[in-house]
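S.K.: Just need the structure, nothing else, for what follows:
(2 chains)
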There are 2 protein chains.
Amino acid sequence: VCACLCVLQIDEEVAKLLQLKAQIGGDDGKHQFVLKTAKGTRDYNPKQMAIRERVFNTIISCFKRHGAETIDTPVFELKETLTGKYGEDSKLIYDLKDQGGELLSLRYDLTVPFARYLAMNKITNIKRYHIAKVYRRDNPAMTRGRYREFYQCDFDIAGQYDGMIPDAECLKIVHEILSELDLGDFRIKVNDRRILDGMFAVCGVPDDKFRSICSTVDKLDKMPWEDVKKEMVNEKGLSEEVADRIGEYVSLQGGMDLAERLLQDHRMSQSKQACAGLSDIKLLFSYLQLFQVTDKVVFDLSLARGLDYYTGIIYEAVLTQAGAESVSVGSVAGGGRYDGLVGMFDPKGRKVPCVGVSIGIERIFSIMEHKAEVSAEKVRTTEVQVMVASAQKNLLEEKLRLITELWDAGIKAEVMYKKNPKLLSQLQHCEESGIPLVAILGEQELKDGVVKLRVVATREEVDISRADLIAEIRKRTSEA
Amino acid sequence: VCACLCVLQIDEEVAKLLQLKAQIGGDDGKHQFVLKTAKGTRDYNPKQMAIRERVFNTIISCFKRHGAETIDTPVFELKETLTGKYGEDSKLIYDLKDQGGELLSLRYDLTVPFARYLAMNKITNIKRYHIAKVYRRDNPAMTRGRYREFYQCDFDIAGQYDGMIPDAECLKIVHEILSELDLGDFRIKVNDRRILDGMFAVCGVPDDKFRSICSTVDKLDKMPWEDVKKEMVNEKGLSEEVADRIGEYVSLQGGMDLAERLLQDHRMSQSKQACAGLSDIKLLFSYLQLFQVTDKVVFDLSLARGLDYYTGIIYEAVLTQAGAESVSVGSVAGGGRYDGLVGMFDPKGRKVPCVGVSIGIERIFSIMEHKAEVSAEKVRTTEVQVMVASAQKNLLEEKLRLITELWDAGIKAEVMYKKNPKLLSQLQHCEESGIPLVAILGEQELKDGVVKLRVVATREEVDISRADLIAEIRKRTSEA
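M.R.: Here you go, the predicted model:
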């Protein structure tokens, strides 16, 4: 951690010096702008936005199908609202400059603001989604879709309910979203914080090392067991024997059957905590069967999500297609139960049990963008149905009159901002931006009270009377 | 300005001290959380979000109808990107703390990031909208819908085009949006920076006082002419005579006819700048006639928008219904032409002419929220079509099986997260959240292979076979 932080700082200082250098500028002494976005951030261009909109629509439809409301919270919170929620990741929080007044920080996730919102408004029951940007002063690997400013896409269920029903719905939602987005095959790993803790206890890990060993286990998806074991023994000070016991458990994967087996396990059955977790996994799988999603869900004892606030079930979805079309991505969704977080904000410590899931939308964008690039499919960035064009000069007024009729009828239409554009350049614009129809006006058409409607793809042209034009455009561009 | 700033600072210090005091806490020495959002910010609850979504849909549909693409930019920019763009308002910019690395500031509007985006990507032609939050360390009047974090909703056309066609389309868009949102009567005031400057010149205002006098004129919508004149004479040092000449002009309102009259005016006609502006106003009105929006547009010589970067036409839309249903609102849209801003970012100073409009969405939210409050209309916060309920105990599994069928068919459905909820509490939930249908399962229905479909509003109940249920729900909840 310390070495990481140093590298981060050096990196930052270099960036600052380079920026200063650029400002001092060249020989002419002129002020030079550094024409860039802040480190770790990016603009979304229209094509990226079109893809983003499509992904959001799929996800939001799913959330709405499951009856979720939505809320929004400010981009910054009082600094102390975030304090003590993220463990050692707290160093990655962006603070605002003290310009007089409250001390503020940019939100680090959407879960802590959600908990603050519930406590502040004394809400004990809600099913909500929240899609917004969060901020982490991390060293981003932007090529892999990781940024300092990135979207989170959260769905959470708060309330005191009968066990595992909301938890199962969260997994159903992940299953629906990943299936509909068509990202290739995926798997949803499930575990429980209590099973992990119970397992550590019965294997002989000292209480004060649970969190630390947990974060070592978390590396199993990136490192082979031998290296993880080495870290446990050499860095974290476990005995070989204890590490090996853990090793046996964390290699286990299965379904309801595995939970049943572990409930009978001579060591695991000693831990009340582990048994509570295992019973809940069993119940969870019974609901997942009814939801018809067990094909993708695996009970995996090596899953150990980092965040401190989880108290029960945890899960993570990964794409399993090797290399996923050459874009390497890790988890695309994750979440779990956090029954204690809201209580941290309530003056009387009243708890509100919560379970939720966060969709790793930036990675999904990366995959979709890559897919669009390699496929022949052209991504449209507007929805224009018809271009109002002219075949001769001096028809601007007539075109504006016609486009007004179209706009007022709700037709998406464009006209070139030139008095006398060439017909060819008008047609070219249609080709480039995928506009399917052109309504062409000429002296003859005006005389005849018609418009020449041209289909861009086929070059077919047909005269349509002015009175029928709107209906004809609607018919030809309806998405049936 | 100085007095304002002092008040602002005192206010901030008081807030900080109160926060400290609260942290030190009560007698028990326990750490007390300040459970609030940052000053000048707010959460949006589900009801507010439902209204917000409706307003956004109207606005985005309009932007799309006019063929706009959309982009997004980061919430913070390099500090120097914002430097020198906002005049004395720069003191309201939020800076991020220097945590090593680049110096960053939260965006103050969407126009400067847009110009930076165009210059950085060498884009010379685009029609784009951008809806996002911006940040101003202002003293907010939150009761009047003014916040430190607030949405902007911008539509801009960049490119070298024939005069006034894009400008007229911006006004058409404002007209469409305000009409569709049904906020009551409105008026769009139009003027031109060149007409203002020309007018100041021919009235005898010294060149170096143009901007300062301009901001005094800008107060005419809040102050009577006598007070504005006093400020010009006593504070800004104009002679009475010069002020009176200005007073004659800024009282003028009209349409194309007024532009024609002023082109003949013995004083105005002396200014080349003013004449260029007046000719453009004439051309603008000819296009507005074709767009059929002249009913709401007024050429008003007292309109003087503050921002430095405007170079040509400027406009502002105001609601004219007295008091607008007791919510006092000012301008609800504004914008203008800024042909020089992109050039400020281009290393070679290459200009990209731009014209745009910003919709004052927060004020519109305030009005809509107020409207919803006073009307009997119940705002739904979910779109759930059907609740899956049970009449007897021990039917959870059957309900989960049924709701899975519904979800997989795209029906928006909810089930209570209890094993054995009472039928009454299930029906009550439907009443409260406006769910129109209940699909009730009971022993008998399961035996008969049917579902009892209940219409919440009428309490009508009808048995539907399982095979027909999805079609029946679709039919009864289609929005035709």
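S.K.: Tell me the spacing between the closest residue to residue A:193 other than its chain neighbours and residue A:196.
M.R.: Spatial nearest neighbour of residue A:193, chain neighbours left out: residue A:310 (4.9 Å); criterion: Cβ to Cβ, 6 or more residues apart in numbering or on different chains. Where C-beta positions appear, they are placed from N, C-alpha and C, glycine not excepted. As judged by Cβ to Cβ, to the nearest Å, residue A:310 and residue A:196 stand 10 Å apart.
S.K.: same deal with residue A:232?
M.R.: 14 Å.
S.K.: And those two? Which one has more around it.
M.R.: residue A:196 (28 against 24; other Cβ atoms under 10 Å in any protein chain shown).
S.K.: Just give the number of residues close to the residue nearest to residue A:193.
M.R.: The burial count for residue A:310: 24, using other Cβ under 10 Å.
S.K.: can you tell me which residues contact it?
M.R.: A:193, A:336, A:337, A:338 (Cβ atoms under 8 Å, 6 or more residues apart in numbering or on different chains).
S.K.: The second one reaches residue A:308, doesn't it?
M.R.: No. In this structure, residue A:336 sits apart from residue A:308 without contact. The criterion is Cβ atoms under 8 Å, and the distance is 11.5 Å.
S.K.: Just give me the residue right at the centre of chain A.
M.R.: residue A:361 (2.0 Å; Cα atoms, centre = their mean).
S.K.: Hmm, residue A:58 and that one touching each other?
M.R.: No. Assessed by Cβ under 8 Å, residue A:361 is found out of contact with residue A:58, at 10.6 Å.
S.K.: how about the residues of the stretch 351-480 of chain A near chain B?
M.R.: A:381-384, A:396-397, A:400-401, A:404, A:407-408, A:410-414, A:417-419 (Cβ under 8 Å from any Cβ of the partner chain).
S.K.: what about 6 Å?
M.R.: With Cβ under 6 Å from any Cβ of the partner chain as the criterion, the stretch 351-480 of chain A comes near chain B at residues A:381-384, A:397, A:400-401, A:404, A:407, A:412, A:414, A:417-419.
S.K.: cool, the stretch 1-150 of chain A as well?
M.R.: Counting by Cβ under 6 Å from any Cβ, the residues of the stretch 1-150 of chain A near chain B are A:9, A:12, A:15-16, A:19, A:33, A:35, A:37-39, A:41, A:43-44, A:46, A:49, A:64-65, A:67, A:69-74, A:76, A:78, A:95-97, A:100-102, A:104, A:117, A:120, A:149.
S.K.: Give me the buried entries from these.
M.R.: A:12, A:19, A:33, A:35, A:37-39, A:41, A:43-44, A:46, A:49, A:64-65, A:67, A:69-74, A:76, A:78, A:95-97, A:101-102, A:104, A:117, A:120, A:149 (16 or more other Cβ atoms under 10 Å in any protein chain shown).
S.K.: What about those, which are in strands?
M.R.: Of those, the ones assigned to strands by DSSP state E are A:69, A:70, A:76, A:78, A:104, A:149.
S.K.: Tell me the spatial nearest neighbour of residue A:131, not counting adjacent residues.
M.R.: Closest to residue A:131 by Cβ to Cβ, 6+ apart is residue A:153, at 4.9 Å.
S.K.: how about that neighbour, secondary structure?
M.R.: strand (DSSP: H, G, I helix; E, B strand; the rest coil).
S.K.: surely it meets residue A:359?
M.R.: Yes. Residue A:153 is within contact range of residue A:359, at 4.0 Å (criterion: Cβ atoms under 6 Å).
S.K.: Give the residue from these two that has the larger number of neighbours.
M.R.: residue A:359 (28 against 23).
S.K.: and the more buried one, what is it in contact with?
M.R.: A:153, A:333 (Cβ atoms under 6 Å, 6 or more residues apart in numbering or on different chains).
S.K.: Any regions of the stretch 251-400 of chain A where pLDDT drops low?
M.R.: A:307, A:322-329 (pLDDT under 70).
S.K.: Going along the chain, name the strands of it.
M.R.: A:253-254, A:297-300, A:313-319, A:331-337, A:354-359, A:386-390 (DSSP state E, counting those that start in this stretch).
S.K.: Would you confirm that residue A:183 belongs to a helix?
M.R.: No. Going by three-state DSSP, the assignment for residue A:183 is coil, not a helix.
S.K.: And it, how far from chain B?
M.R.: Residue A:183 is 19 Å from chain B, where distance means Cβ to the nearest Cβ, to the nearest Å.
S.K.: what's the burial count for that residue?
M.R.: Neighbour tally, residue A:183, other Cβ under 10 Å: 21.
S.K.: Tell me the confidence at it?
M.R.: pLDDT, residue A:183: 90.
S.K.: can you pull the contacts of it?
M.R.: A:319, A:367.
S.K.: for it, phi and psi?
M.R.: When read as degrees, to the nearest 10, the backbone of residue A:183 gives phi -90, psi 10.
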